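[1] Sequence and predicted model, in that order:
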Amino acid sequence: MGVPFEALLPYGIMIGMFAFSAVSVGKLREMQNGGKRARRGLDAWDRTVMERDRRLTGFARGQTDKAEAPPGFELNNPWRMESRFL
């Protein structure tokens, strides 16, 4: 005796919703990274370079081929000093 297909419809709907949400979250992460795939296993150097790229281009994954920094970049230093040293 076979299983009626109506009993399998909820499982199909659940699997479809899981697939839709996984694809949607993946697309959102890709859009947030400027159209590039998400980075995994970042170390301190990668985070430093990505922070520099974010300050130069506005995107953490953005890169530029300009040899000179844009105006105002010299004041956009990630290192913070105490007020008594300023």
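    Everything's here; your move.
[2] helix or strand right after the biggest helix by length in the chain?
    The longest helix of the chain (DSSP state H) is helix 5-32. Once the chain leaves helix 5-32, the next helix or strand it forms, by DSSP states H and E, is helix 44-57.
[3] If we go by neighbour counts, what in that next one is buried?
    Met50, Asp53, Leu56 (16 or more other C-beta atoms under 10 Å). The C-beta positions use only the backbone N, C-alpha and C, and glycine is treated the same way.
[4] send the alpha carbons of it over as PDB?
    Written as PDB, here are the backbone C-alpha positions of helix 44-57 (Å, rounded to 0.1, in the frame of the first residue of the first chain):
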ATOM      1  CA  ALA A  44      44.700  39.400  11.600                       C
ATOM      2  CA  TRP A  45      46.500  40.400   8.300                       C
ATOM      3  CA  ASP A  46      43.500  39.800   6.200                       C
ATOM      4  CA  ARG A  47      41.300  41.900   8.500                       C
ATOM      5  CA  THR A  48      43.900  44.700   8.500                       C
ATOM      6  CA  VAL A  49      44.000  44.700   4.700                       C
ATOM      7  CA  MET A  50      40.300  44.600   4.400                       C
ATOM      8  CA  GLU A  51      40.000  47.500   6.800                       C
ATOM      9  CA  ARG A  52      42.400  49.500   4.700                       C
ATOM     10  CA  ASP A  53      40.500  48.700   1.500                       C
ATOM     11  CA  ARG A  54      37.300  49.700   3.300                       C
ATOM     12  CA  ARG A  55      38.800  53.100   4.100                       C
ATOM     13  CA  LEU A  56      40.100  53.600   0.600                       C
ATOM     14  CA  THR A  57      37.200  52.400  -1.400                       C
END
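[5] What's the separation between the spatially most central residue of the chain and Asp53?
    Geometric centre of the chain, nearest residue: Asn33, 4.1 Å, by C-alpha atoms, centre = their mean. Asn33 sits 12 Å away from Asp53 when distances are taken as C-beta to C-beta, to the nearest Å.
[6] what touches both of these two?
    Residues touching both Asn33 and Asp53 (C-beta atoms under 8 Å, 6 or more residues apart in numbering) are Phe59, Ala60, Arg61.
[7] Which one of those is nearest to Ala19?
    The shortest approach to Ala19 among the shared contacts of Asn33 and Asp53 belongs to Arg61, at 26.4 Å (C-beta to C-beta).
[8] Brilliant, that's me finished.
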